[in-house]
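**Student:** A predicted structure for the sequence below; I have some questions about it.
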Amino acid sequence: MQTKLATSVGITLDRFIKKKQNDFAFASGELSQLLRDIALAGKIIHREVNRAGLLNIGGAYGTENVQGEEQQKLDVIANIRFIRALKNGGEVCAIVSEEDDEILDLNNKDGRYIVSMDPLDGSSNIDVNVSIGTIFSIFRRVSPVGSKVTNEDVLQKGSEQVAAGYLLYGSSTMLVYTTGRGVNGFTYDPSLGEFFLSHADMKIPEDGKIYSINEGSYRSLEPKVQQYIENCKDKKYTARYIGSLVADFHRNLLKGGIYIYPSTDKAPNGKLRLNYECNALAMICEQAGGLATDGKNRILDIQPESLHQRVPFYTGSKKMVEEAMK
Ligand SMILES: O=P(O)(O)OC[C@H]1O[C@](O)(COP(=O)(O)O)[C@@H](O)[C@@H]1O
Ligand SMILES: [Mg+2]
Ligand SMILES: [Mg+2]
């Protein structure tokens, strides 16, 4: 693992943000505050996830989201908690969420930022106590402050992200993010209520031996993808698939590997959403020295056309993604 483990646990997220603030071109403290708001929402979801079984907040909520997916109670709870934290924080003018059909315009005339988010990633794993996460992308609005939020504001290329990251609710809860100057990981200590820098300057190994793909759809995969999987098997690589994108991505980020959600019969454009799943992880992966494509194009160069658009997703160690692209 090519990551400098922070030697002292004394570096809290808050202190780290303050230290790094001056690295940021628009250093007015707004983005720093927004990152703190996201961390706060993450602490609340950590608590909800940990006691989901006790509070009977597992299971279906009884509604479907715009993608026709059954919403889990925790999908809805996480969505409400993040929206509330971002609203109260005051830095955000609009939110794009997996759980909401339309743009959530917060009518915050001072807000300069747009957040695209997957409040709860890995919903199929909520009730079985397997790691789940939250994914977020942060953009600066392009329309004048105070004016009505436009499609142009929320449909920006991933290369325009000013920050991106994820929370992982696993054996420990972590926040991993980038502002375009490297990737850092923080581990939450619930007894102190603080995130501490635990993975400084994260770098994904250039090559790896782990491949993550849902082989259940093997028969409906394109021949070249089938060929790539066969190559992995010939090389005796290890297959690992948790079924929570954040968790599969995080493992590969630390150990090296490739995560693939290609186009299939069931999902001709893939399953994962460009605006609030792929863009954020693509920025993290590239900042850590890896690659992220849709099979042909760099994810961060794709111009979004709709809020919930899906793209095939190939991301991970540079050599493995290059190999898969061949
Ligand atoms: O069950 P499948 O088809 O392998 O899909 C699993 C993928 O779907 C997801 O659950 C989609 O995300 P959501 O749970 O946020 O809808 C990813 O986390 C995961 O990688
Ligand atoms: Mg998701
Ligand atoms: Mg989700």
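**Tutor:** Nice, thanks for sending it over. Ligands and ions are numbered 1, 2, ... in the order given.
**Student:** what's the neighbour count on the closest residue to G182 other than its chain neighbours?
**Tutor:** Excluding its sequence neighbours, the residue lying closest to G182 (C-beta to C-beta, 6 or more residues apart in numbering) is D201, at 5.2 Å. C-betas here are computed from N, CA, C, even on glycine. When neighbours are counted by other C-beta atoms under 10 Å, D201 registers 16.
**Student:** pretty sure D201 belongs to a helix, no?
**Tutor:** No - going by DSSP: H, G, I helix; E, B strand; the rest coil, the assignment for D201 is strand, not a helix.
**Student:** per-residue confidence at it?
**Tutor:** Looking at D201, its pLDDT is 96.
**Student:** same question, K109
**Tutor:** 86.
**Student:** For it, grab phi and psi.
**Tutor:** phi -70, psi -20 (degrees, to the nearest 10).
**Student:** roughly how far apart are it and M174?
**Tutor:** Separation of K109 from M174 (C-beta to C-beta, to the nearest Å): 34 Å.
**Student:** helix or strand for E230, which one?
**Tutor:** helix 223-234 (DSSP states H and E).
**Student:** Ok, S171 next?
**Tutor:** Using DSSP H and E, no helix or strand contains S171.
**Student:** could I get the helix holding E230 in CSV with only the CA atoms?
**Tutor:** What follows is helix 223-234 as a C-alpha-only set of coordinates in CSV (Å, rounded to 0.1, in the frame of the first residue of the first chain):
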residue,chain,number,x,y,z
PRO,A,223,-16.9,-10.4,-26.0
LYS,A,224,-14.0,-8.0,-25.3
VAL,A,225,-15.1,-7.7,-21.7
GLN,A,226,-15.5,-11.5,-21.4
GLN,A,227,-12.0,-11.8,-22.9
TYR,A,228,-10.6,-9.4,-20.3
ILE,A,229,-12.1,-11.5,-17.5
GLU,A,230,-10.7,-14.6,-19.1
ASN,A,231,-7.3,-12.9,-19.1
CYS,A,232,-7.6,-12.1,-15.4
LYS,A,233,-8.5,-15.8,-14.7
ASP,A,234,-5.5,-17.0,-16.9
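**Student:** and that helix, which residues are buried?
**Tutor:** Within helix 223-234, the residues scored as buried using 16 or more other C-beta atoms under 10 Å are V225, Y228, I229, C232.
**Student:** do stretch 61-77 as well
**Tutor:** Y61, N65, Q71, Q72, K73, L74, D75, V76, I77.
**Student:** With secondary structure as extra columns, can I get these in JSON lines?
**Tutor:** JSON lines is the format used below for those (three-state DSSP):
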{"residue": "Y61", "secondary structure": "strand"}
{"residue": "N65", "secondary structure": "coil"}
{"residue": "Q71", "secondary structure": "strand"}
{"residue": "Q72", "secondary structure": "strand"}
{"residue": "K73", "secondary structure": "helix"}
{"residue": "L74", "secondary structure": "helix"}
{"residue": "D75", "secondary structure": "helix"}
{"residue": "V76", "secondary structure": "helix"}
{"residue": "I77", "secondary structure": "helix"}
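**Student:** and of the residues you listed, the nearest to ligand 2?
**Tutor:** Using C-beta to the ion, D75 comes nearest to ligand 2 of the buried residues of stretch 61-77, at 9.4 Å.
**Student:** SS state for the residue lying closest to that closest one once chain neighbours are set aside?
**Tutor:** Excluding the flanking residues, the one nearest D75 by C-beta to C-beta, 6+ apart is L120, at 4.7 Å. Recorded secondary structure, L120: strand (three-state DSSP).
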